[in-house]
Each structure stands twice: as C-alpha cells, then as structure tokens.
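# Pasting the sequence and the predicted model now:
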Amino acid sequence: MRSRGDRKDLMRLFNTLTGKEELFEPHDGKIVKMYVCGVTPYSSTHVGHALSYVVFDTLRRYLEFLGYEVKHVQNFTDVDDKIIERANEEGITGDQLTDRFINDFFATMDRLNVQRADSYPRATQEIPGIISTINTLIDKEYAYPANGDVYFRVTKSSDYGKLSHRTLDGMIAGARIQVDENKEHPMDFVLWKSAKPGEPSWESPWGPGRPGWHIECTAMALDQLGDPLDIHGGGHDLVFPHHENEIAQSEAFTGRVPFTRYWVHNGLLQFGDDKMSKSLGNLVSAEEALNRYTPDALRIYFLDSHYRSPLSYSSDGAAARERSMDRLRQALKTVSTDGESLDPSSYKERFLLAMDDDLNTPQAIACLFDLAREINRASESGKSTEVAQNTLKDLGSILGLTFEDKNVNSADLAAKPFIDLLVSTRQQLREAKQYDLADTIRDELTNHGITIEDKPQGSEWQYEFNPNST
C-alpha cells in the first residue's frame, strides 16, 4: 500500500505536556525521533508491558505509513534495587539476571509482531555518558553532590511540575517524603547513588556508586537521538516522577525547551479494579496469554480501547477478540475475481481518518470489521473481492495484524470426535433442562481452551490458540 506522504498534515496526537491534541510535526519534517521507556528486566514480560509496546509499535507503523523515517530507541534499566535484590536471592550476577529477562522480552515482542527498535541501550553500558551529563548539571548549578550522592536542585527549575501539572507545594503536601539531611529541598531527586555493600558500583568523581533512575534516560536519549526528541513515550504511570524529572534535567542540560515535542502516554492495563503491576503481584504473563490466544487477537484486544484509556484484561475478553479475529480471517478465505469489483476506498479513508485522530484504533478496528462484512456480502452476490481483501490486509498490517490462522496440531485433531460428543451431550442436557450438568461440561471444556457458542441451529465450538498444546 502506498504511503500518505501527501497528507502528513492531518495527523494529531495528544500531548501530555500541553494537555491537548496537536498537529503532529516532527522537528525536521522528515525523521521522527522516538524514545520509549523500556522495562526493568527482573521478571518475565507481562501483558501490561505487551499493551504499551503494541501501542508504540502501532504508532511507529502508522508514522512509517505516512512516509516518515522513524528512529526508534528503547532503553533497558538494567541496574535497580529490585534487580539487585532478586539477583542476590538467586545467587547470580545482575547481568545474568537481566540478560535472561531481556531475552524473554525480545522473544515475547517477536511473537506479538512488535518491530524491534533501532537500538536498545542499557544503563550499565552508558555510565561514562551518565557521569558526563551529571557533571554538566553540577557545573550549571542544577545539581549538587552530597556525601557521595548527587541530587538535582528542583528549585532552580522554574517550571518543575509542568508535565504532571503540579506545583512543588502540591507535591510536598500530597506525598510521603522521607527526611534526607543530604537534600537541600525535599523534592530534590537523586542523580547518582553512593555505593552500598554488596551492590554493583562504578567509579565517579563523587566516589563509587550507580546512576539514579531518571538520569539514565536523559543520557541515553541524547546520546542515541540528540535533541530535541519528537516523541517520548511510556505508560501513564511514568508521568510523575520519572518523566517530570527527566524533563527538568534534560532541559537544564541542553538549554532547549521543549526537550521533547510530544509526550505520549498509554493508559494502564488493569486486572479487575487494580493496575496490573509486579509490585501488586497480579500479573498475567505475556507467555501465558500467547499460549492461549493468537498475537493478532491480543493486538486487537489492546487496540480495541483508545491508547490513553485504561484497559481491563480478562480471559473472557481475550477469547472474545479471538472470535472477532476469526471473522476477519474468514473474510480473506475465499477470493472472488469475477464480476464487478468491490470498491474499498471509503473504508480505507475512514480507517486513515481514525488513525489521524490521535491514533483512534477502536474506530480503525471497527472499520476493518465493516469492510470484512462488506467483503462477505460482495462474495455472496458475485462481486470481485480481491481488491477489497488486499485493502483489508494492508490496513490490518498498520495495526500489526498478520491474519495468520490459529495452529491446530495433530493431538487437537485426534480429540475432535470426543469434543463433538461432549458438545452434543451438553446440548441434550440443555434441552432436558439439566443446566448444571451442561454448565459443568462447558466449564471443563473452557478450562482446556475450547470455547462454545450457542446458536439457533446448534452449538459450535472452537479451540483457543495454544501453540504449546500436546
């Protein structure tokens, strides 16, 4: 599909910094410099991670479709209190731990059809640049050393709080702040942490230690992309304090305001009423989800809600998206080349207008289903569907969809007669109004990855995707 390079001036993105949608215009008009905050690799990739990186992968795909060249950088925070703690628990080095979970992250993203970034800098590999950045901030009096630590002086940043739309007084009133005699102000944040026994450390002008969380992103973004950035992305939970602090130190270091033209944040994945997070212990691993559902179904699930809205994850919701993907796949099964050709141009335009509107993927997905429905109707009426089906595939690819069939292995096929028997028995129980027994059969089949849909003509069943089934 040809790009829309002639219509780049239509795309709008919501900018967290200004609190409104803005026309998207990269600094040099051609290359989009996009930095996305990456994971802290101390445990397996979960579906909350998957949501965020599917969102930014889709943004990147659409920007490239528009004709932009995207330089995409995503970091790994590979030195952190939790990394140190878990590595010590397992009796291994921090590098061994992070290498394991970085490999897990890549394997998961590859399965989800998330394109790899151009580079993945790691904090531990950027220590000289981080130290140099801190030195410059000290020289400019934006930072100060204190007993082996180095802190950023928030009172020297006149607009500190502008991303999260807070004031210093409001931050202090609304936070539990530990008293630290080394700090000039309670909200000053650490750039360099002095070494503690048993922790990894690097030599610095202030003594051995390691970088703070926020400074690493400033150093890596500037080293990899230069300033200004066009897009800085991450989950909404990073707005404060991480991105707020990053703005302060980056603009102090470079003297450029704004340091990033568009701050883009995705809503968080929830499990019930709570945010899904490692600290709450309510995670669903991405591997578990991918072992039950196709990557396309999960991408549809994540993108069926606007990227800035929170999304509640459930197995029922994922299974419903799998059935939805079946409808899209079915529309591509039979290609009709005879008769009048179905014109998909209106659907394409609706799709693109939705994507222009702050990446409105729910509306874009609705357009795909409308086009699939029209393809089915056209096929039944003898129209040619080839052009429309190619359009469906092309538009779906912008969302990262592959339309690949679900895998069913030989063991699944061997079980088919027995599943048919159970479904038939369940139907007979329903007709006899023995609903408890019928529900027991349904629930047991569901536990084994088999969903049942009751229709007027009878019950139909299908496998949920399970590439590891044997």
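Received it, and whenever you're ready, just let me know what you need.
# List the contacts of T402.
Counting by Cβ atoms under 8 Å, 6 or more residues apart in numbering, T402 touches N113, P295, D296. From N, CA and C alone the C-beta is placed, and that goes for glycine too.
# Which of those fall within helices?
P295, D296 (DSSP state H).
# For the closest residue to S157 other than its chain neighbours, what are phi and psi?
Computed as Cβ to Cβ, 6 or more residues apart in numbering, the closest residue to S157 that is not its neighbour in sequence is A248, at 4.4 Å. Main-chain torsions, A248, degrees, to the nearest 10: phi -60, psi -50.
# Could you pick out the longest helix of the protein?
Among the segments of the chain that qualify as a helix by DSSP H, the longest is helix 410-431.
# Looking at the following helix or strand past it now, give me its mean pLDDT.
Sequence order places helix 435-447 as the next helix or strand after helix 410-431, per DSSP states H and E. Across helix 435-447, the average pLDDT comes to 86.
# got the buried residues for helix 435-447?
A438, I441, R442, L445 (16 or more other Cβ atoms under 10 Å).
# Touching, the second one and L422? I think so.
Right, the one you point to is I441. Yes. If you go by Cβ atoms under 8 Å, I441 and L422 touch, sitting 5.6 Å apart.
# still on that earlier bit, so which of the contacts of T402 wins on neighbours?
Comparing the contacts of T402 by number of neighbours (other Cβ atoms under 10 Å), D296 comes first, having 27 neighbours.
# and that one, what does it touch?
Taking Cβ under 8 Å, 6+ apart, one finds M325, L401, T402, F403, E404 in contact with D296.
# go with 7 Å
M325, L401, T402, F403 (Cβ atoms under 7 Å, 6 or more residues apart in numbering).
# Check which helix or strand the second one maps to.
Right, the one you point to is L401. Here L401 is assigned to no helix or strand, by DSSP H and E.
# center of the protein - which residue?
Nearest residue to the geometric centre of the chain (Cα atoms, centre = their mean): S52, 1.5 Å.
# Could you pull up the residues touching that one?
By Cβ under 7 Å, 6+ apart, the neighbours of S52 are G235, N266.
# what does I452 give?
Counting by Cβ under 7 Å, 6+ apart, I452 has contacts V423, R442, L445, S459, W461.
# Tell me who's in contact with the closest residue to it other than its chain neighbours.
The shortest distance from I452 to any non-neighbouring residue, by Cβ to Cβ, 6+ apart, is to W461 (4.9 Å). By Cβ under 7 Å, 6+ apart, the contact list for W461 reads I419, V423, I450, T451, I452.
# same deal with E22?
Taking Cβ under 7 Å, 6+ apart as the test, what E22 contacts is R12, L13, N15.
# Could you rerun that using 10 Å?
M11, R12, L13, F14, N15, R261, Y262, D358 (Cβ atoms under 10 Å, 6 or more residues apart in numbering).
# S132: which of the residues you listed is nearest?
Nearest to S132 out of the contacts of E22 is R261 (Cβ to Cβ; 24.6 Å).
# part of a strand, is that closest one?
Yes. Membership of R261 in a strand is supported by DSSP: H, G, I helix; E, B strand; the rest coil.
# Just give the closest residue to it, not the sequence neighbours.
D230 (5.2 Å).
# shouldn't that neighbour be in contact with T260?
Yes. Using Cβ atoms under 10 Å, D230 is in contact with T260, at 7.5 Å.
# shared neighbours of the two, anything?
K33, M34, Y35.
# And the helices in the stretch 301-450 of the chain?
For the stretch 301-450 of the chain, the helices defined by DSSP state H, counting those that start in this stretch occupy 315-330, 345-356, 361-380, 386-398, 410-431, 435-447.
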